[in-house]
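Asker: Here you go, sequence then predicted model.
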Amino acid sequence: MTARPSDVVILGGGVIGLACAYYLLHEGRSVTVLEQGSAGCASSHGNCGTLTPSHAGPLAAPGTIAQALRWLFRPDAPLRIRPRPDPELVRWLLAFARRCNGHDWIAAARAKAPLLLRSRALVEELVRRERLDCEFEAIGTLSVFRDEAHFARARGMAERLVGLGIAVEALDAAATLAREPALKPAIAGALFHPGDASLRPDRYVAELARIVRAAGGRIEEGARVDGFVLDGSRIAEVVASNGRHAGRDVVLALGAWSPLLARRLGLRIPIQPGKGYSITYSRPAACPRVPMTLKEPSVCVTAWGSGYRLGSTMEFAGYDDRLTRVRLDALKRGAAAFLREPEGAEVVEEWYGWRPMVPDDLPVIGRAPGIDNLVVATGHGMLGVTMSAGTGVLVSEIVADRPPSLDPAPFTPARFH
């Protein structure tokens, strides 16, 4: 069977793969996207859709491991590591634990902040220029606290990000309630992040797919990648369930599935699938004005004109494909502790997805060591939507061998080899 040619073959049709496709098409490249399901069907679909440079600080923070151990046997804990014999998970956790200190926390934030800030601006530019119908709003986000000590610690961490260009405003309880009447009064305060934004992620990825197709890109849905044909240090062909594909360059953008396919190429990408959940409702009457994170239960709340979503939590349970009721119920309980009307009248969708979590919480972007025509674009953790446009631009510059518009060194795949 003759391979179908393109300048670039992109493996993965989620938010990162589609953003890469868009910017590569605008570099004048022909592009084929291979997606095993439908475009944007995985973790791009049901997340909370916030664009959050304010989340530059990594999950690996002082105290995270101790908290995770306290929650180890709580199936509804906001951060849960399901005990199981898995050597890859053990290695990942050891690497993660080594980074749970103040020095590595600020170093990771310093590396991520330029990409987050640039990508946040690029997403808004893309939405405006292409008139994407995705309910984009640039109204900031709130992080809301009930515990005074937790609020004080978070203020200190947020102030360390101000020097990186990430603005924050601390609000006491009265100011928080004045800004967000949907909250119950028993709160300590909040951090307002004016530079954040939000959109409806399922519509955003649908619109990205639309403009990729309109620009001449091919999106092959139902195309599972099964392997590769190598010619020396190059990928000559990508073998998929719908045939063979050849590209001068190949982009690996498979999110949480990336390490499984990378192993076939001799690449090590230490990603663990971090399972998140969401429940989408019709809008409640007392609907929040601003997207918010309810910090103690780690519940994200986003409202759009078309609906309302509770989401988040982090579960390391491998590629477990069950929709676990206890974790969905934890979202409801967490929202009920903070919100006057925590649920909408109608449940539209209950969902889970796997986020691609890297122990240093930095995305993996750049040319793969030992494979001349492979570019990696994965490992965006909980910030794939926020980093989508910035990653797309950076990948297009790498493929074109142009000087990158921001320093890609912290994200290189070579850091694992």
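Answerer: Received the coordinates, thanks.
Asker: what about the strands in the stretch 151-300 of the chain?
Answerer: 169-172, 189-193, 197-198, 218-221, 225-231, 234-240, 243-252, 272-281, 292-294, 299-304 (DSSP state E, counting those that start in this stretch).
Asker: And those strands: which comes nearest R160?
Answerer: strand 189-193 (12.6 Å; CB to CB). Where C-beta positions appear, they are placed from N, C-alpha and C, glycine not excepted.
Asker: Now do the closest one: distance to the chain's middle.
Answerer: 22 Å (CA atoms, centre = their mean, to the nearest Å).
Asker: cool, stretch 326-343 as well?
Answerer: Worked out by CA atoms, centre = their mean, stretch 326-343 lies 22 Å from the chain centre.
Asker: Can you give the contact residues for it?
Answerer: 75-78, 144, 146, 181-184, 187, 277-279, 281, 284-288, 294, 296-299, 301, 310-313, 315, 350 (CB atoms under 8 Å, 6 or more residues apart in numbering).
Asker: Out of the residues you listed, name the ones that lie in helices.
Answerer: Assigned to helices by DSSP state H, none of the contacts of stretch 326-343 qualify.
Asker: and these, which are buried?
Answerer: When the contacts of stretch 326-343 are checked for burial by 16 or more other CB atoms under 10 Å, the buried set is 76-78, 144, 146, 182-183, 187, 277-279, 281, 284, 287-288, 294, 296-299, 301, 310-313, 315.
Asker: How about the helix or strand of the chain with the lowest mean pLDDT, which residues are buried there?
Answerer: Sorted by mean pLDDT, DSSP states H and E, the helices and strands of the chain end with helix 64-70, the least confident at a mean of 81. Burial within helix 64-70, assessed by neighbour count using 16+ other CB under 10 Å, is assigned to 64-65, 68.
Asker: And the contacts of it?
Answerer: 79-81, 96-97, 100.
Asker: Just the ones in helices from these, please.
Answerer: Checking the contacts of helix 64-70 against DSSP H, those in helices are 96-97.
Asker: would S405 count as being in a strand?
Answerer: No: checked against DSSP: H, G, I helix; E, B strand; the rest coil, S405 lies outside a strand; its state is coil.
Asker: That one: what's it in contact with?
Answerer: Taking CB under 8 Å, 6+ apart as the test, what S405 contacts is 118, 393-394, 397.
Asker: quick one: pLDDT of it?
Answerer: Here the pLDDT value assigned to S405 is 93.
Asker: roughly how far apart are it and G195?
Answerer: 19 Å (CB to CB, to the nearest Å).
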